[in-house]
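Chemist: Provided below for reference: sequence and predicted model.
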There are 2 protein chains.
Amino acid sequence: MLKSKASPVSLEQRNTTRIRVLEHIRAKGSVSRIDIASALQTSPATVTAATADLISAGLVKETESQAQSKSGKRGRPRVLLQLDGQMHLVAGLKVARQVISVILVDFEGNEVASHKYALDQARMSPQKFVSAIREALEETCSQIDRSVAHLAGVSIGVAGLVDANRNFVHWSSSITERNIDFSHLLSNKLPCPAFVDNDANLVAKAEQLFGLGKGLENFLVVTIEHGVGLGIVLDGKLYRGERGCGAEFGHTKVQLDGALCQCGQRGCLEAYVGDYALLREMTVTGHTNDMESVSEIHDRANSGDDRASSVLARAGQMFGLGISNLINLFDPECIIVSGAQMSFEHLCSSEVMTRIRNGVVNVDAPLPQIKVHHWGDMMWAKGAAAYGIEQVSILKVKELTSNAP
Amino acid sequence: MLKSKASPVSLEQRNTTRIRVLEHIRAKGSVSRIDIASALQTSPATVTAATADLISAGLVKETESQAQSKSGKRGRPRVLLQLDGQMHLVAGLKVARQVISVILVDFEGNEVASHKYALDQARMSPQKFVSAIREALEETCSQIDRSVAHLAGVSIGVAGLVDANRNFVHWSSSITERNIDFSHLLSNKLPCPAFVDNDANLVAKAEQLFGLGKGLENFLVVTIEHGVGLGIVLDGKLYRGERGCGAEFGHTKVQLDGALCQCGQRGCLEAYVGDYALLREMTVTGHTNDMESVSEIHDRANSGDDRASSVLARAGQMFGLGISNLINLFDPECIIVSGAQMSFEHLCSSEVMTRIRNGVVNVDAPLPQIKVHHWGDMMWAKGAAAYGIEQVSILKVKELTSNAP
DNA sequence: GTAAATATTTTACCGACTGAAATAAATATG
DNA sequence: CATATTTATTTCAGTCGGTAAAATATTTAC
């Protein structure tokens, strides 16, 4: 008879070690217990306990192959641990204007299936929004003969202002109503945990878990698409701002009373760097007709059109200025420039890098690295999946202790 | 006979509750145990234990006066707790070009004595630097018939790049050598713990502990003096950047290839807002002669000089642009504009506020509050003292457990 | 085969925290 | 005025996460 007498320790600080161990294993790929202990500044005994729990939850497994010991070769060999990817399936969704992109991944982030679900309307009621997500998920799951109920978690990225901790959408370009709490809507309609977040934050999560930010504590992810987005990771955590509306890098002003932006204000970075800004500039050059994408501008520039080159160059200069401001303010370990489809070579040229270097306050330390990441068009959905994996990990670890004997 | 067998818990997470309780008491001024428990989401039993320790360490005391209970008046009355300010004396120093400002404060931050120690040279060797600090401290302490040995801690603010955790100064305008570890130098020369940090960070600490940021979790402190500084507090902690050289707000660029800045780059905010920038502008207007301070420009503007007004107005516009960028990126609870002596009304005018409002991306939520704080000329030294109090608090709490029976 | 080296697990114990019960100190009520 | 009621704080016994040290496991060196 277990007497449930005293005291679960405060939820905030509970299980932090197990989650840290899990994240460390994910970041390293495969790693021995003794290395985890030294990396996390904890004792081997703690790592033994934590990994035992993670293994029993099916989140982690021991690998066959063995790593060589640090010094020499004598002594008991280290046993490598890695994620047990097969146990859980997670879906990531990105809701865009005309399409919902869905990706199914295993627990290591490997793609299992993907799908595009066409939307007939850009903006939907919350109910319609959730139904569309349900349908998109079902179609994707059927590809691999699974049902939605098999999913360990679903993560949804939308453009807009989201309080991710509460699944609360203040405003989104995909939804007709403001201030919607999706917690109940989603749990009613889906048989598994679901999470909503802002899309740029999700890409930052993807870079942190699987991408170029793996294992870093302080970095920025700049997303390039129609507009310019930003995700901020500080101390290993996504920084969301006090009201969840920070990181509006695209709307920081780079020119007093400058070019007109989609948002209605003047001088926004996006008004110089966004695709619509470039296309707008090109209309002035006389190619009024049918310029439809940034890669067309690149083509023209490459074939000797000086005006096209000049349009791209100015965008690059402004972008470089914006990036140097980010470095001056945040002093990050690294900045990751992530793009899905749009061509953005003009934002990574050596001229832009020079502009950045010349705009950063001079110190002994070298400039933070600027890494460019060309994702495919599933960038946003993969970002959502990354967040889903993280959230499911946390859920599973919590279950672990609440169910324990 | 005590057998020192197992296990101090990892230093990082040790005593966090006691420190949180102490900080909460400091933020509230006086508060009852039951309120602390609910504010910190912990149990009353924990608060009893924590406060008992803090009282025995002489950091906290019970007050005579009693607060009324929340609802009704029946029941055992709450006992208010407050800091016991008299037990410890802390010194804050700011090293400037020609002077070291020293302030002695009690543990509640009340000024006990202050002093200015003239420097004969703006840049010193590390040894000379430490000796000057020692002398400045001795002169100040003698005012109240104490010796330096009575101090519980000393905190030193310098302009430059500092790794505060290690008392390591990468570079400072006050010191002739780079990359100096002051830990040993200070502990050899001073009979009490000493801490070094960047001056703008210290002002942020002062606002957090005693000023307009009391109790806030996410806020920015913009300091106005010769240049423009920034301190960033996120999640209640000072954010210092990866290499300790972030928060260079004054050198974020507000104009592509704009005005020349002291730092050698072009278009820095400081090159439009710093005092030297305003004085430079005024030289062009024909008043070449003896314009020496910003308040003279204010005087001229107030007496109808349109050129002076225009110079101040442009600085305000650029400042507003910079502030709106900060809000767009950080989405803080509040921005505190702190100045010591320089006149900066032109940076808080209604035109500037309008510029800020129009530069922030529009959301439902109201604009973060912008608070203006006119300190006296001891702003920087008081900032240092605030940091000193915090550090000494942490030390005392740690002693508490290591000395415990 | 035995010693030395290294990784992991087991053991015994510490300390922070908790819920529940006990205690303290006030007011309300008759 | 005694007693019930209410609220704040403390005490108590127990849980949980963590640790150091010892024990155990598994390898190579000799």
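Modeler: Happy to help now that I have it.
Chemist: When you work out contacts or count neighbours from here on, use the C-alpha atoms and nothing else.
Modeler: Noted.
Chemist: Quick one: the strands in the stretch 201-350 of chain A, in order.
Modeler: Assigned by DSSP state E, counting those that start in this stretch, the strands in the stretch 201-350 of chain A fall at A:219-224, A:228-234, A:237-239, A:334-339.
Chemist: what packs against the first one?
Modeler: This means strand A:219-224. Helices and strands touching strand A:219-224, by 3 or more Cα pairs under 8 Å, 6 or more residues apart in numbering or on different chains; DSSP states H and E, are helix A:199-209, strand A:228-234, strand A:334-339.
Chemist: for it, what is the average pLDDT?
Modeler: In this model, strand A:219-224 has a mean pLDDT of 96.
Chemist: when you compare where it runs with where strand A:334-339 runs, what's the angle?
Modeler: 20 degrees (axes from the mean of the first three to the mean of the last three Cα atoms, to 10 degrees).
Chemist: Would you list the strands that strand A:219-224 pairs with, along with their directions?
Modeler: strand A:228-234 (antiparallel), strand A:334-339 (parallel) (DSSP bridges).
Chemist: can you put those in JSON lines and add mean neighbour count and mean pLDDT?
Modeler: Listed next are the strands paired with strand A:219-224 as JSON lines, based on neighbours: other Cα atoms under 10 Å in any protein chain shown; pLDDT from 0 to 100:
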{"stretch": "strand A:228-234", "mean neighbour count": "24", "mean pLDDT": "95"}
{"stretch": "strand A:334-339", "mean neighbour count": "22", "mean pLDDT": "96"}
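Chemist: gap between the closest residue to DNA strand C within chain A and residue A:31?
Modeler: Taking Cα to the nearest atom of the strand, DNA strand C has its nearest neighbour within chain A at residue A:75, 2.9 Å off. According to Cα to Cα, to the nearest Å, residue A:75 and residue A:31 sit 17 Å apart.
Chemist: neighbour-wise, which of these two wins?
Modeler: residue A:31 (21 against 8; other Cα atoms under 10 Å in any protein chain shown).
Chemist: was I right about residue A:372 contacting residue A:344?
Modeler: No - look at residue A:372 against residue A:344 with Cα atoms under 8 Å: they stay out of range, at 9.8 Å.
Chemist: of the two, who's got more company?
Modeler: Between residue A:372 and residue A:344, counted using other Cα under 10 Å, residue A:344 has the larger neighbour count: 23 against 18.
Chemist: For the more buried one, which non-adjacent residue is closest in space?
Modeler: Nearest residue to residue A:344, sequence neighbours excluded (Cα to Cα, 6 or more residues apart in numbering or on different chains): residue A:224, at 7.6 Å.
Chemist: Next, count neighbours for that neighbour.
Modeler: 25.
Chemist: my guess is it meets residue A:345, correct?
Modeler: No - Residue A:224 is not in contact with residue A:345 according to Cα under 8 Å; the separation is 11.0 Å.
Chemist: Put together CSV for the strands of the stretch 201-350 of chain A, with distance to residue A:155 on each row.
Modeler: Output for these, formatted as CSV (distance: least, Cα to Cα, whole Å):
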stretch, distance to residue A:155
strand A:219-224, 19
strand A:228-234, 17
strand A:237-239, 16
strand A:334-339, 20
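Chemist: mind checking which of those is nearest residue A:357?
Modeler: Closest approach to residue A:357 among the strands of the stretch 201-350 of chain A (Cα to Cα): strand A:334-339, 13.1 Å.
Chemist: got the CA positions of that closest one in PDB?
Modeler: In PDB, the C-alpha atoms belonging to strand A:334-339 read as follows (Å, rounded to 0.1, in the frame of the first residue of the first chain):
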ATOM      1  CA  CYS A 334      26.800  32.800 -33.900                       C
ATOM      2  CA  ILE A 335      24.200  34.100 -36.300                       C
ATOM      3  CA  ILE A 336      22.400  31.600 -38.500                       C
ATOM      4  CA  VAL A 337      20.800  32.900 -41.700                       C
ATOM      5  CA  SER A 338      18.100  30.400 -42.700                       C
ATOM      6  CA  GLY A 339      16.200  30.500 -45.800                       C
END
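Chemist: where does chain A have low pLDDT?
Modeler: Along chain A, the parts satisfying pLDDT under 70 run over A:1-14, A:66-72, A:285-291, A:401-405.
Chemist: Helices of that one, residue ranges please.
Modeler: Along chain A, counting by DSSP state H, helices occupy A:16-28, A:33-39, A:44-56, A:126-143, A:182-189, A:199-209, A:270-273, A:275-284, A:294-302, A:306-330, A:350-359, A:379-403.
Chemist: on that earlier part again, the strands paired with strand A:219-224: which one's closest to residue B:382?
Modeler: strand A:228-234 (28.3 Å).
Chemist: How about the contacts made by residue A:147?
Modeler: Residues near residue A:147 by Cα atoms under 8 Å, 6 or more residues apart in numbering or on different chains: A:138, A:141.
Chemist: Equivalent analysis for the one 5 residues further on, please.
Modeler: Taking Cα under 8 Å, 6+ apart as the contact definition, residue A:152 lies against A:88, A:89, A:90, A:192, A:193, A:392.
Chemist: from the residues you listed, which is closest to residue B:254?
Modeler: residue A:392 (42.5 Å).
Chemist: Count the residues that sit near the spatially closest residue to residue A:190 that is not a sequence neighbour.
Modeler: If the residues on either side of it in the chain are set aside, residue A:190 comes closest to residue A:134, at 6.9 Å by Cα to Cα, 6+ apart. Neighbour count for residue A:134, taken as other Cα under 10 Å: 17.
Chemist: Compute the distance between residue A:134 and residue B:158, please.
Modeler: Using Cα to Cα, we find residue A:134 at a distance of 58 Å from residue B:158.
Chemist: Repeat that for residue A:341.
Modeler: 47 Å.
Chemist: Just want to know which of the two has more residues nearby.
Modeler: residue B:158 (26 against 16).
Chemist: Now do the contacts for residue A:60.
Modeler: Here residue A:60 is in contact with A:22, A:51, A:54, A:81, A:82, A:83, A:84, A:85 (criterion: Cα under 8 Å, 6+ apart).
Chemist: Let's have the helices of chain A in JSON lines, adding distance to DNA strand D.
Modeler: As requested, those are exported to JSON lines (distance: least, Cα to the nearest atom of the strand, whole Å):
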{"stretch": "helix A:16-28", "distance to DNA strand D": "4"}
{"stretch": "helix A:33-39", "distance to DNA strand D": "8"}
{"stretch": "helix A:44-56", "distance to DNA strand D": "4"}
{"stretch": "helix A:126-143", "distance to DNA strand D": "34"}
{"stretch": "helix A:182-189", "distance to DNA strand D": "27"}
{"stretch": "helix A:199-209", "distance to DNA strand D": "21"}
{"stretch": "helix A:270-273", "distance to DNA strand D": "44"}
{"stretch": "helix A:275-284", "distance to DNA strand D": "48"}
{"stretch": "helix A:294-302", "distance to DNA strand D": "50"}
{"stretch": "helix A:306-330", "distance to DNA strand D": "30"}
{"stretch": "helix A:350-359", "distance to DNA strand D": "41"}
{"stretch": "helix A:379-403", "distance to DNA strand D": "6"}
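Chemist: In a markdown table: the ones you listed, plus distance to residue B:255.
Modeler: Formatted as a markdown table, the helices of chain A follow (distance: least, Cα to Cα, whole Å):
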| stretch | distance to residue B:255 |
| --- | --- |
| helix A:16-28 | 40 |
| helix A:33-39 | 44 |
| helix A:44-56 | 52 |
| helix A:126-143 | 42 |
| helix A:182-189 | 42 |
| helix A:199-209 | 27 |
| helix A:270-273 | 13 |
| helix A:275-284 | 19 |
| helix A:294-302 | 25 |
| helix A:306-330 | 9 |
| helix A:350-359 | 11 |
| helix A:379-403 | 32 |
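Chemist: my guess is residue A:50 contacts residue A:15, does it?
Modeler: No - when contacts are counted by Cα under 8 Å, residue A:50 is not listed as touching residue A:15 (9.0 Å).
Chemist: in the stretch 201-350 of chain A, what residue is nearest DNA strand D?
Modeler: residue A:236 (17.3 Å).
Chemist: Cool, thanks, talk later.
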